[in-house]
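J.: predicted coordinates and the sequence they were generated for:
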Number of protein chains: 2
Amino acid sequence: MASADPARPGFQLPLLLLAGFRTLIDDLHAELARQGHPELRPLHGFVLQAVGMDGTTATELGQRLGISKQAAGKTVDRLVEVGYLERVDDPRDARRRLVRVTPRGADGLRRSAEIFDTLRRQWAERLGAERVDAIEDDLRAMASTNWFRLDMPGWFGG
Amino acid sequence: MASADPARPGFQLPLLLLAGFRTLIDDLHAELARQGHPELRPLHGFVLQAVGMDGTTATELGQRLGISKQAAGKTVDRLVEVGYLERVDDPRDARRRLVRVTPRGADGLRRSAEIFDTLRRQWAERLGAERVDAIEDDLRAMASTNWFRLDMPGWFGG
DNA sequence: TACGATAGTCAACGTGGTTGACGAAATAGT
DNA sequence: ACTATTTCGTCAACCACGTTGACTATCGTA
């Protein structure tokens, strides 16, 4: 086993990645709350994104998110309660219940994209655009390709 | 509002940071399982680290982790069940119950540190050492200073 | 000694995850 | 056309982790 740089212990890298993620998400939701979306939780933004403007079903949503259809259904229920999603019957298949983003959900989605763009620009101002590009490229090279799994609570906890 | 580069939408940065974090943690736990610690969950490693070799109490652990003393106590209970922590009475203060890392816990902690060092070295081989250093430095500059909060499930979910 | 602060636990609850079982509806096969 | 299988959604039970509130036991101090 080769020796590691004592000034750069390996355990700091994941902590810093998490800290960066968390900082961005916290900043996003602080701004979203300011813009009229205080109910949105970090998880919800990802779910809205996964539903997309075309809509989907609970089962397909579960597959996209890497969680069970039951878990996806529960999360949809919560987002229906707070007015970001709606369920409508599929006229061509009575088994399916289409999940669609409401106008309010679309507004949250649009604002999220804008805020993320703004935050990335702030990072580029502080660090330099090429540094931010490099972080993204490096992470793309290292991270698993199927990283769009949003079973965060269950994954982390267990 | 300045326009953003369409090829670099802002929402990808947090996703990539999360993907990098998750990749490291998944690799860590795959290797930990191989080395005899299959029960350890991502959360547990952080808790063990927070307990440290000196031991602590549930209340203090909660403060370090940014969660309530009750939540900290529950997590300690689980880690006691699987043999990574132990509780001993404090002879100087009958109210306190010291939480200590068991030999098995210390083994997991030591192996985790080694595996993280190895993973960081692998990143350095793929990306170049200066790139990994730069990622760490950049994230240190951007991330909130008080990033050692491990209320991940509650934070992300709600 | 009496009182306030502290440590730990119990109970109830919310959120998100899981698996298993089930009815209803679409699809495939004979 | 009538079964048989697959698929979608939901219900129920359970686990993990977080919260707050209430309570006991103990310590430290006025």
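T.: Done, it's in. Only a predicted model underlies this, so the values are computations on that prediction, with no experimental measurement involved.

J.: tell me the contacts of A:Gly55?
T.: A:98-101 (C-beta atoms under 8 Å, 6 or more residues apart in numbering or on different chains). The way it works is simple: take the backbone N, C-alpha and C, and place the C-beta from them, glycine included.

J.: if we go to 10 Å?
T.: A:Gly55 is in contact with A:61, A:85-88, A:90, A:98-101, counting by C-beta atoms under 10 Å, 6 or more residues apart in numbering or on different chains.

J.: number of nearby residues for A:Asp54?
T.: Here the neighbour count serves as a burial measure; for A:Asp54 (other C-beta atoms under 10 Å in any protein chain shown) it reads 8.

J.: wait, isn't A:Gly66 in contact with A:Trp155?
T.: Yes. At 8.8 Å, A:Gly66 and A:Trp155 qualify as touching, with contact defined as C-beta atoms under 10 Å.

J.: same drill for the two, tell me which one is more crowded.
T.: Regarding A:Gly66 and A:Trp155, a neighbour count based on other C-beta under 10 Å identifies A:Trp155 as having more, with 20 against 16.

J.: pretty sure that one is touching B:Ile25, no?
T.: Yes. Using C-beta under 10 Å, A:Trp155 is in contact with B:Ile25, at 8.7 Å.

J.: mutual contacts of those two, please.
T.: Listed as contacting both A:Trp155 and B:Ile25 by C-beta under 10 Å, 6+ apart are B:41-43.

J.: ok, and the closest non-adjacent residue to A:Val101?
T.: When the adjacent residues along the chain are set aside, A:Val101 lies closest to A:Val51, with 5.6 Å between them (C-beta to C-beta, 6 or more residues apart in numbering or on different chains).

J.: could you measure from that neighbour over to B:Gly10?
T.: Taking C-beta to C-beta, to the nearest Å as the measure, A:Val51 and B:Gly10 are separated by 20 Å.

J.: so the closest residue to DNA strand D within chain A versus B:Trp155, what's the distance?
T.: Using C-beta to the nearest atom of the strand, the single residue of chain A nearest to DNA strand D is A:Gly157, 2.7 Å away. Distance of A:Gly157 to B:Trp155, given as C-beta to C-beta: 12 Å.

J.: now the strands for chain A?
T.: According to DSSP state E, chain A carries its strands in the segments A:85-89, A:97-101.

J.: the first one close to DNA strand C?
T.: If I follow you right, that is strand A:85-89. No. Contact between strand A:85-89 and DNA strand C is absent, the nearest approach being 9.8 Å (criterion: C-beta under 7 Å from any atom of the strand).
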